[in-house]
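**Student:** Pasted the sequence and its predicted model underneath.
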Amino acid sequence: MTCQTATLTLYGAAASGSVAVEAALVLLGLPYRLIEGATWAEASARDRVAASNPMRQIPTLLLPGGEVMTESAAILIYLADLHPEARLAPAADDPRRGQFLRWMLYVSSAIYALHWIKPDVTRIGAPEGARAAVVDAVHERIAFCWANMDVQLTPGRWLLGNELTVLDLYVATVSRFGPWRARFCEVAPRMAEVIHRIDAEPRLAALWRERFPEA
Ligand SMILES: N[C@@H](CCC(=O)N[C@@H](CS)C(=O)NCC(=O)O)C(=O)O
């Protein structure tokens, strides 16, 4: 399940979690080859990524040399740690490291993972007829999780204080998924203020525009 590549190869899609990884790669100035495909909507995109990631999900990152990285939070932490000079993650001995890891994993497991249910509610054994109710319930749970995070963080200019980290990129991306930004801003007003700053970050504004064209 490995293949030799000259550079980074990212399986991703507009309006998906891969955009957080793309944002990190832009800030790090790392070139990458993008293989575009909306896995949640197209079987062909799922089939394409399956050889590298049997979960058939994006983001999937192939490192130079062929090693496969999956799991958005792990990819973001890995890239940030590999390039400490860019200061996109607190170092292991930084007092902010614990909360950084806590919230990275929280966004991944409490929020992002729930989106897997939505393209096909029969995945969790719900009847197709219950689709609207299941999706509503998922969105309510996600809104609750954002609110819960918002009351426990004390953002500065960025979510963890005065330095932009991959947590900012992650929240800026996942908060664009259902129940969408308007609800996010309502339930997480303190994070919303920071997220608007991330949307406007000059090095990323073009990427957000191109990769979230409908937002
Ligand atoms: N745990 C994974 C979740 C990734 C994920 O859910 N990706 C979506 C796109 S945003 C996907 O590929 N879905 C395919 C599907 O629903 O079958 C991560 O954090 O990277």
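**Tutor:** Yes, it's here.
**Student:** where's residue 100 relative to residue 93, distance?
**Tutor:** 12 Å (C-beta to C-beta, to the nearest Å). In this view, the C-beta of every residue, glycine as well, is placed from N, C-alpha and C.
**Student:** Between these two, which is the more surrounded one?
**Tutor:** Neighbours per residue, other C-beta atoms under 10 Å: of residue 100 and residue 93, the larger number sits with residue 100, 20 against 6.
**Student:** what stretches of the protein score poorly on pLDDT?
**Tutor:** 1-6, 215 (pLDDT under 70).
**Student:** The ligand contacts on that one?
**Tutor:** Counting by C-beta under 6 Å from any ligand atom, the positions of the chain adjacent to the ligand are 16-17, 39-40, 46, 56-59, 71-73, 108, 112-113, 115-116, 119.
**Student:** redo that, cut-off 5 Å
**Tutor:** Within the chain, the positions adjacent to the ligand are 16-17, 39-40, 57-58, 71-72, 108, 119 by C-beta under 5 Å from any ligand atom.
**Student:** Now which of those residues would you call buried?
**Tutor:** 16-17, 39-40, 57-58, 71-72, 108 (16 or more other C-beta atoms under 10 Å).
**Student:** Give me the subset of these that lies in strands.
**Tutor:** The strands, defined by DSSP state E, take in nothing from these.
**Student:** what's the burial count for residue 142?
**Tutor:** One way to gauge burial is a neighbour count; for residue 142, by other C-beta under 10 Å, it gives 24.
**Student:** How about residue 182?
**Tutor:** Neighbour number of residue 182 under other C-beta under 10 Å is 8.
**Student:** in a strand, that's where residue 132 is, yeah?
**Tutor:** No - going by DSSP: H, G, I helix; E, B strand; the rest coil, the assignment for residue 132 is helix, not a strand.
**Student:** show me where this protein has strands.
**Tutor:** Across the chain, reading from the start of the chain, the strands by DSSP E fall at 8-12, 32-36, 60-62, 68-70.
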